[in-house]
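Trainee: Structure, please.
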Amino acid sequence: MRALHIRPYHQFDGFFRPLVAVAPAILVIACWSSLPALLTQAPGAIFYMVVFISVLLGGAVPGLTTTLIFTLYQGLVLRPSTFTHPFLDPLSTLRLTMFSTTSVFIVFLIDSLRRSRMHARRDQEHLRLALDSAGIGAWDLCLATGAITCDEESRRCCGLIESPKYFSAMLLDHVHPGDREALTRRVREGLATRKDFREEFRIMLPDGGTRWLSGSGRSLVDREGKPRTLLGTVVDITPRKTLEQDLRRAIAVRDDFLSIASHELKTPLTALKLQIEVLLAWVKNPAELQLPRERLGELLTRSNEQLDRLALLINDLLDVTRATHDTFSINRQDLDATGLLQDIVLSLRSMASAANTTIQANIQSGVRASWDPQRIEQLISNLIANALKYGNGSAVELALSVDAEDTLLSVTNQGPGIAAEDFARIFEKFQRLDAGAAQGGLGLGLFICREIAVAHQGSIWVESRPKVGTTFFVKLPVHPAAASGEMGKHEPPL
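Mentor: Here you go, the predicted structure:
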């Protein structure tokens, strides 16, 4: 930010400025005796010059004061010797009148010009301050020569070297090829219609990157009405464009999620509705619709399973909301970690049987930890469910080991694996692998697993090799820190 310089002529304030402005007049009078020849030959020119200097240094008041001093000095000191009163000589009176009138005119003229220039300079500095504060660069293009003059902000936006002038062809070479034609067309339209124009375009930086700019321009015409100069501004809008792209991606993710969520919620509701309709028909007319007890129990069991599925989907959505608003909490308990994991494996046996595979447990005995049992069950269930879903029928292994500070959980399958570029993405909200698109789900399981691990001051990561298998690791501290709000990292340890 450049400093403001609003005092171009006077550098003295207060009481000293008038004294400095009147000083030349006093100096001339004091040196009269040593310069009689020069003052006798051209006293008026010297007096006018001193008045001019006084106005420049101090303004109207010192200029008028100097005029008054010289008028009195000419009337009292330089009067003709034949007259006793200085103002009785008609010629002297005319000379004094002309001097004072001309001097007053010079004073007000020069002071007006001085003030106008000072105000113009102040307005220019205000404009420069506004441009700098808004990050706006200014430039002008001479249409006759093609020379472009840019200020510092314009050069920064365009990534140009420190040089005051460029040519339009040189600058156009820095514009992204995809935007060059549109920018050229917009400038030509503005020149042809004499209207202001604005265009957003990309600029290629020396380091190989790109930057989004918003440029605007206005043409100045000569007396014949032909454009002679193009004035314009440029603004770096890269942050706005980045935000727009992020918003577009977020909207696309939201639309995909709404589509998936509506399908996932509708599937159990449809099945539940059909089962309830069968039961209602049986209640209304049990004689015609004879349902065996086994069939009735099967319908009720399936209805309960659909309700459980709906509850699970809704709970996942609620967990995402809590995590987004930093209200995701856990209820720690000092528990038998070995027994908890064994119970979880037993509860998931039926799921493994439905997938025609098994769950192998390699759990260290005698492990105790401070965990939230419901959240840990949710975490392990999500990881095993994913392993069964994408494991292509391979066996799933759940392992638990412990050292002095941490417990290490791992869930492994021998499925097709996960590409390395997807390792970070799969832990975000509403993310699903293409291979599992037909498997259903909201794409929230691994995101919730990460939040559970972080809430326990731990971390979660994945290791995988294509066509070999995938292992998810969860590291949780044995003795977590006190409720200090410290959270674990999402990245795997080095």
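
Trainee: Please enumerate the strands of the stretch 301-450 of the chain.
Mentor: 333-336, 359-363, 368-371, 396-402, 406-413 (DSSP state E, counting those that start in this stretch).

Trainee: Residue 372: neighbouring residues, count only.
Mentor: Other residues near residue 372 come to 18 when the count uses other CB atoms under 10 Å. In this view, the C-beta of every residue, glycine as well, is placed from N, C-alpha and C.

Trainee: so what's it up against?
Mentor: 330, 331, 332, 333, 452, 455, 456 (CB atoms under 8 Å, 6 or more residues apart in numbering).

Trainee: As JSON lines, these with pLDDT, distance to residue 108 and neighbour count would be great.
Mentor: As requested, those are arranged in JSON lines below (pLDDT from 0 to 100; distance: CB to CB, whole Å; neighbours: other CB atoms under 10 Å):
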{"residue": "330", "pLDDT": "83", "distance to residue 108": "82", "neighbour count": "18"}
{"residue": "331", "pLDDT": "85", "distance to residue 108": "86", "neighbour count": "9"}
{"residue": "332", "pLDDT": "88", "distance to residue 108": "86", "neighbour count": "15"}
{"residue": "333", "pLDDT": "88", "distance to residue 108": "91", "neighbour count": "13"}
{"residue": "452", "pLDDT": "90", "distance to residue 108": "83", "neighbour count": "27"}
{"residue": "455", "pLDDT": "89", "distance to residue 108": "79", "neighbour count": "19"}
{"residue": "456", "pLDDT": "90", "distance to residue 108": "83", "neighbour count": "25"}
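
Trainee: Pick out whichever of these sits closest to residue 251.
Mentor: residue 452 (28.0 Å; CB to CB).

Trainee: May I have the distance across stretch 190-209, first residue to last?
Mentor: Terminal residues of stretch 190-209 are spaced 29 Å apart (CA to CA, to the nearest Å).

Trainee: Would you mark the buried spots in that stretch?
Mentor: 190, 191, 197, 199, 200, 201, 202, 203, 204 (16 or more other CB atoms under 10 Å).

Trainee: just checking, which of the residues you listed belong to helices?
Mentor: Under the assignment DSSP state H, the buried residues of stretch 190-209 contribute 190, 191 to helices.

Trainee: For residue 315, the count of nearby residues, please.
Mentor: Residue 315: 13 neighbours (other CB under 10 Å).

Trainee: Next one: it from residue 196, what distance?
Mentor: 56 Å (CB to CB, to the nearest Å).

Trainee: my guess is residue 132 meets residue 154, correct?
Mentor: No. The pair residue 132 / residue 154 is not scored as a contact, 11.9 Å apart, by CB atoms under 8 Å.

Trainee: neighbour-wise, which of those two wins?
Mentor: residue 154 (23 against 15).

Trainee: Please enumerate the strands of the stretch 1-150 of the chain.
Mentor: So, for the stretch 1-150 of the chain - with DSSP E, counting those that start in this stretch - the strands run 136-142, 147-150.

Trainee: Let's have the strands of the stretch 301-450 of the chain in JSON lines, adding distance to residue 247.
Mentor: Shown next, in JSON lines, are the strands of the stretch 301-450 of the chain (distance: least, CB to CB, whole Å):
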{"stretch": "strand 333-336", "distance to residue 247": "42"}
{"stretch": "strand 359-363", "distance to residue 247": "42"}
{"stretch": "strand 368-371", "distance to residue 247": "38"}
{"stretch": "strand 396-402", "distance to residue 247": "39"}
{"stretch": "strand 406-413", "distance to residue 247": "35"}
